[in-house]
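*Asks:* Turn this into a model:
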Amino acid sequence: MNAFMLRPRYFVWSTVALFALLFCACTQQQPPGATKEPLIVSAAASTKEIMEAVATQFQSETGTEVKVNVGPSSGLAAQIEAGAPADLFLSANQQWADEVLKAGYADAMTRLLTNQLVLVVPNANLAGVKQPQDLLSAKVKKIALAGEKVPAGIYADQALTKLDLLKPLTDMGKIVRGQDVRTALTYVERGEAEAGIVYSTDVSIAPAVTQVYQFDPKLHDEIVYMLVLLKHGSQNPAAKQLFEFLQSPKADAVYTKFGFSRLPDSRSAP
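*Replies:* Residues are numbered from 1 along each chain as shown. The predicted structure is shown next:
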């Protein structure tokens, strides 16, 4: 097995267990007299900074604590279906939001954000990568992508397939997978891969990498972050309030600051 791969089953069950312990610890550490339990938001790894920033702002305005649990959307969906006590879910694609909906764990959902897919390299760029076709060069030994079931990995595979690059790069043994997009980014940061495909917003938090190419959106499915109000939070007024807050102008300002683009609202309920 590729050293860069993680076992999905191990990820799901180990993180569910740790997540449950975190939830219990959070509820036990409430100050005397407190009546509100922390809200739990399971969010795609690429949204870590924006969700933490919005959570802090929401907590400051409402007094309700928000805990952000980040990871690959596929793994987070599996956690939710395994009983992890999340109130909201922010998936980096439609597929995993629909999966949670079909399993009966969603109360409402809306299209929230979009992003761009880009090719990045270490700042030194010793392999001289400037465009996707350069990935075939003998100087490029490894190309970091998110996992095959992770939205960023799905989008990357679609783009490379349409460019007739995925099969030859796979046959040459160049593709390495991270459990999420941030892991793929880390491989490039560390120089363990000569290139990687991530979101444009990831570049801003990685000073050791440089964006060299932006993929045409026509090469892959629309990048859409779906915000889901889960059944676990649907009876909690604070969770509903956070669901609305994440679609407010105050939250929009945070999204813009971190380079995300807001999508028109198209809310739907099961």
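*Asks:* got the buried residues for stretch 151-171?
*Replies:* Along stretch 151-171, the positions that meet the burial threshold by neighbour count (16 or more other C-beta atoms under 10 Å) are 151-160, 163, 165-166, 169. The way it works is simple: take the backbone N, C-alpha and C, and place the C-beta from them, glycine included.
*Asks:* where exactly do the strands run in the chain?
*Replies:* Secondary structure of the chain, counting by DSSP state E: strands at 39-44, 66-71, 88-91, 106-114, 117-122, 143-146, 175-178, 195-199, 209-214, 225-230, 261-262.
*Asks:* The longest one to strand 195-199, inter-axis angle?
*Replies:* In terms of direction (axes from the mean of the first three to the mean of the last three C-alpha atoms, to 10 degrees), strand 106-114 departs from strand 195-199 by 120 degrees.
*Asks:* Show me what strand 106-114 is packed up against.
*Replies:* Packed against strand 106-114, as judged by 3 or more C-beta pairs under 8 Å, 6 or more residues apart in numbering; DSSP states H and E, are the following elements: helix 94-102, strand 225-230, helix 231-234, strand 261-262.
*Asks:* For that strand, C-alpha coordinates in PDB please.
*Replies:* C-alpha atoms of strand 106-114 as PDB (Å, rounded to 0.1, in the frame of the first residue of the first chain):
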ATOM      1  CA  ALA A 106     -30.100  16.200   7.300                       C
ATOM      2  CA  ASP A 107     -32.800  18.600   8.100                       C
ATOM      3  CA  ALA A 108     -32.000  21.400   5.600                       C
ATOM      4  CA  MET A 109     -29.100  22.300   3.300                       C
ATOM      5  CA  THR A 110     -27.900  25.200   1.100                       C
ATOM      6  CA  ARG A 111     -25.200  26.000  -1.400                       C
ATOM      7  CA  LEU A 112     -22.800  28.200   0.400                       C
ATOM      8  CA  LEU A 113     -19.300  28.700  -1.100                       C
ATOM      9  CA  THR A 114     -17.200  27.900  -4.200                       C
END
